[in-house]
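**Q** make a model of this:
(one chain, ligands or ions: 1)
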Amino acid sequence: MEKHDREASDFDKEYQTLAVEGYLATAFLLGREKIDRILYRELDRHGGGARVLDAGCGTGSQLAEIAGRGFDVVGLEPAIEMRRIAIKANPGVEIGSGSITAMPFPDASFDVVIALEVLRYLPETDNDLAWKEMLRVLRPGGTLIVTLVNRWAIDGYVIHEWIQTRRASRPGGPRRAHCEFTTPGRIRRYLTGLGVTEVKTLGRLVLPLRWAYKIDQRLGQKMARLLNPLDDLISQIPATTPLAGHLVVVVRQ
Ligand SMILES: C[S@@+](CC[C@H](N)C(=O)[O-])C[C@H]1O[C@@H](n2cnc3c(N)ncnc32)[C@H](O)[C@@H]1O
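**A** Predicted coordinates:
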């Protein structure tokens, strides 16, 4: 929560870059565009007027887009500064305070629940609570769209995190947020255990383009311009799902 409060305005700026420079500008936006394509395809299946919950809505960029497409959207965001920006940017949209692990909504109150880049910050026990809560507030016939972090992403993000966490654990080291890793197989088994019958796991951003952005922003943009169509093609091959930088889980109740 501390991290998200501290980084709220930088996070908001990142989304503003999208309008000016397009989605190839940063590794974050590149990944986000791929996730958005899945998100809006799933939302369109429900049609306008469907009630959508954006759990961990951050600065509310998705809320604005979803509301603009005619959905009845509600946001939930525990970090004060994130929520303040989201409320300012989305007048008239209900944006509450609370955790995805104990949501202030009745059972079966949404057609769609999304949680983008949220569960990765929570440890396993809270992930468990969050999934149960999302399934509880979802109506029969509803859809969950959730992003997770692949343990075996080809760009070795798990190693990057391991190094950063070790650095942070030294006396006086920087404070770091938790990162929860999983695999498509593990999440499928877990959800099957909860009685979910329809689970789709989709991998996005398979090529290690995030490294190119890390080395140099311009290099990343050049490589992405060149290789993004190939990355989109590779991502369609199911065998690449565990290797992708983003793991998107779509559940139908
Ligand atoms: C990387 S941001 C993503 C925001 C937004 N979903 C998006 O994709 O733009 C992660 C968000 O998860 C929120 N978050 C962290 N822990 C949470 C919890 N227990 N319940 C709900 N949201 C949480 C943070 O406050 C932050 O706004």
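**Q** from now on I want contacts and neighbour counts done on CA atoms only, so please keep to that.
**A** Noted.
**Q** get me the contact residues on the stretch 51-200 of the chain for the ligand.
**A** 55-58, 77-79, 82, 99-101, 115-118 (C-alpha under 6 Å from any ligand atom).
**Q** now do the same contact list for the residue sitting nearest the centre point of the chain.
**A** Centroid-nearest residue in the chain: L116, 2.2 Å away (criterion: C-alpha atoms, centre = their mean). Residues counted as contacts of L116 (C-alpha atoms under 8 Å, 6 or more residues apart in numbering) are A55, G56, C57, I145, V146, T147.
**Q** identify the residues contacting the longest strand along the chain?
**A** In the chain, assigned by DSSP state E, the strand with the most residues is strand 138-150. For strand 138-150, the external contacting residues (C-alpha under 8 Å, 6+ apart) are 39, 42, 107-120, 134-135, 180-184, 242-253.
**Q** quick one on the thing from earlier: which of the contacts of L116 has the most neighbours?
**A** Highest neighbour count within the contacts of L116, by other C-alpha atoms under 10 Å: A55, with 28 neighbours.
**Q** I'd say it and I114 touch.
**A** Yes. Taking contacts as C-alpha atoms under 8 Å, A55 lies within contact range of I114: 6.1 Å.
**Q** where exactly do the helices run in the stretch 101-250 of the chain?
**A** With helices called from DSSP state H, counting those that start in this stretch, the stretch 101-250 of the chain shows them at 124-137, 157-169, 184-193, 209-215, 217-235.
**Q** quick one: buried residues of the last one?
**A** If I follow you right, that is helix 217-235. For helix 217-235, a neighbour-count test (16 or more other C-alpha atoms under 10 Å) marks Q217, G220, Q221, K222, M223, A224, N228, D231, D232, I234, S235 as buried.
**Q** the ligand next: which of those residues are close?
**A** Checking those against the ligand (C-alpha under 6 Å from any ligand atom), there are no matches.
**Q** quick one: G58 and R83 touch, right?
**A** Yes. Using C-alpha under 8 Å, G58 is in contact with R83, at 6.5 Å.
**Q** residue ranges with poor pLDDT in the stretch 101-250 of the chain?
**A** Within the stretch 101-250 of the chain, the set of residues satisfying pLDDT under 70 is empty.
**Q** ok, back up a step: which one of the buried residues of helix 217-235 is nearest K200?
**A** S235 (13.8 Å; C-alpha to C-alpha).
**Q** what's near enough to touch the closest one?
**A** Counting by C-alpha under 8 Å, 6+ apart, S235 touches L202, G203, R204, L205, V206, T241, A244.
**Q** how close does the closest residue to the ligand within the stretch 151-253 of the chain sit to I145?
**A** Closest contact between the stretch 151-253 of the chain and the ligand, by C-alpha to the nearest ligand atom, is at A177 (9.7 Å). Separation of A177 from I145 (C-alpha to C-alpha, to the nearest Å): 23 Å.
**Q** ditto for A102
**A** Distance from A102 to I145, by C-alpha to C-alpha: 18 Å.
**Q** what's around the spatially closest residue to E124 that is not a sequence neighbour, how many residues?
**A** With sequence-adjacent residues excluded and distances taken as C-alpha to C-alpha, 6 or more residues apart in numbering, E124 is closest to E180, at 7.2 Å. Using other C-alpha under 10 Å, E180 has 17 neighbouring residues.
**Q** go on, T26?
**A** The burial count for T26: 22, using other C-alpha under 10 Å.
**Q** next one, pLDDT for it please.
**A** With respect to pLDDT, T26 scores 95.
**Q** quick check: phi and psi at it.
**A** phi -140, psi 160 (degrees, to the nearest 10).
**Q** isn't it up against Q217?
**A** Yes. Using C-alpha under 8 Å, T26 is in contact with Q217, at 7.0 Å.
**Q** which of the helices or strands spans E81?
**A** Using DSSP states H and E, E81 falls within helix 80-89.
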